[in-house]
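Chemist: here's my sequence, what's the structure:
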Amino acid sequence: MADVFKGVILGGAGTANMAAVLVAKTVGGNVFYGFISAVAFATILAVVAGLTLSGASAVSHDLYATVFKKGKADSASELKVSRITTLALGVLAVTLGIAFEKQNIAFMVSLAFAIAASANFPVLFMSVLWKDCTTKGAVIGGFLGLFSSVALTVVSPSVWEATLGNPKGSAWFPYSSPALFSMTIGFVGIWLFSMLDRSQDATNERAAFAVQKVRSETGLGASGASGH
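Modeler: Numbering: from 1, shown residues only. Got it, this is the predicted structure:
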């Protein structure tokens, strides 16, 4: 039976990314094969649509309306920016999909989690549990984790050699995943720049940590609902 599965997976259409679908065909025939294929398609469609909408919303509302327009953007311009962002994200996704066509999907997902673990996790962890964390330290440390994880991913063997076609052994970073190093950079960056931050805002943030911790864990002193 193991030889049958191995032959189906290695000899079927696609690479290891088709393993689950091809095993479903071997176990349950065309009915189960069609069911798993439909589930996979629906899952991919839902994830892609959700990420596209969230990305377009972040660019149009958080960046365009809040940062660039200082909260003075009208809904029509926000909608226009959202549509342009959706098209741009679609083109970018298709381009990256073609470039990484032969990569293992599970491994690519792990790289995405490595970037999230380097850029988001240190900020969340330190801002919630460390009383001396400041906004300046969190921003700089988060960007250090983001940039280092992306840079190390590009110069790793999985991208530098397998995707970009450089000679084997020429990768600048010898490991497949950068998480261990880039996440450490993120934590150290937050700690270092928070400790170096002696501004008045940093002092106020440190003084308000205890009150914010009580409010976040108990709800005492939380603001009420606002009218719209």
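Chemist: C-terminal to the helix ranked longest in the chain, which secondary structure element comes first?
Modeler: As assigned by DSSP state H, the longest helix anywhere in the chain is helix 19-57. Per DSSP states H and E, the first helix or strand lying C-terminal to helix 19-57 is helix 75-99.
Chemist: ok, residues contacting that next one?
Modeler: 48, 52-53, 55-57, 59-61, 64-65, 69, 163 (CB atoms under 8 Å, 6 or more residues apart in numbering). The way it works is simple: take the backbone N, C-alpha and C, and place the C-beta from them, glycine included.
Chemist: now do the domain split for this structure, please.
Modeler: The record's domain parsing of the chain by automatic domain parsing lists 1-99, 105-221.
Chemist: can I get stretch 139-159 in PDB? Just the C-alpha atoms.
Modeler: In PDB, the C-alpha atoms belonging to stretch 139-159 read as follows (Å, rounded to 0.1, in the frame of the first residue of the first chain):
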ATOM      1  CA  VAL A 139       8.000  50.500  16.100                       C
ATOM      2  CA  ILE A 140      11.800  50.200  15.500                       C
ATOM      3  CA  GLY A 141      12.000  46.700  16.900                       C
ATOM      4  CA  GLY A 142       9.100  45.500  14.800                       C
ATOM      5  CA  PHE A 143      10.600  47.000  11.600                       C
ATOM      6  CA  LEU A 144      13.900  45.400  12.400                       C
ATOM      7  CA  GLY A 145      12.300  42.000  12.800                       C
ATOM      8  CA  LEU A 146      10.300  42.500   9.500                       C
ATOM      9  CA  PHE A 147      13.200  43.700   7.400                       C
ATOM     10  CA  SER A 148      15.700  41.100   8.800                       C
ATOM     11  CA  SER A 149      13.200  38.200   8.300                       C
ATOM     12  CA  VAL A 150      12.500  39.200   4.700                       C
ATOM     13  CA  ALA A 151      16.100  39.800   3.900                       C
ATOM     14  CA  LEU A 152      17.300  36.500   5.400                       C
ATOM     15  CA  THR A 153      14.500  34.700   3.600                       C
ATOM     16  CA  VAL A 154      15.600  36.100   0.200                       C
ATOM     17  CA  VAL A 155      19.300  35.200   0.800                       C
ATOM     18  CA  SER A 156      18.400  31.700   2.200                       C
ATOM     19  CA  PRO A 157      18.900  28.500   0.000                       C
ATOM     20  CA  SER A 158      15.200  28.100  -0.400                       C
ATOM     21  CA  VAL A 159      14.900  31.400  -2.300                       C
END
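Chemist: what strand or helix carries the residue nearest the centre of the chain?
Modeler: Residue closest to the average C-alpha location in the chain (CA atoms, centre = their mean): residue 116, at 4.5 Å. Secondary structure from DSSP H and E places residue 116 in helix 105-119.
Chemist: list the buried residues for that helix?
Modeler: Residues 111, 114-115, 117-119 are the ones in helix 105-119 that count as buried (16 or more other CB atoms under 10 Å).
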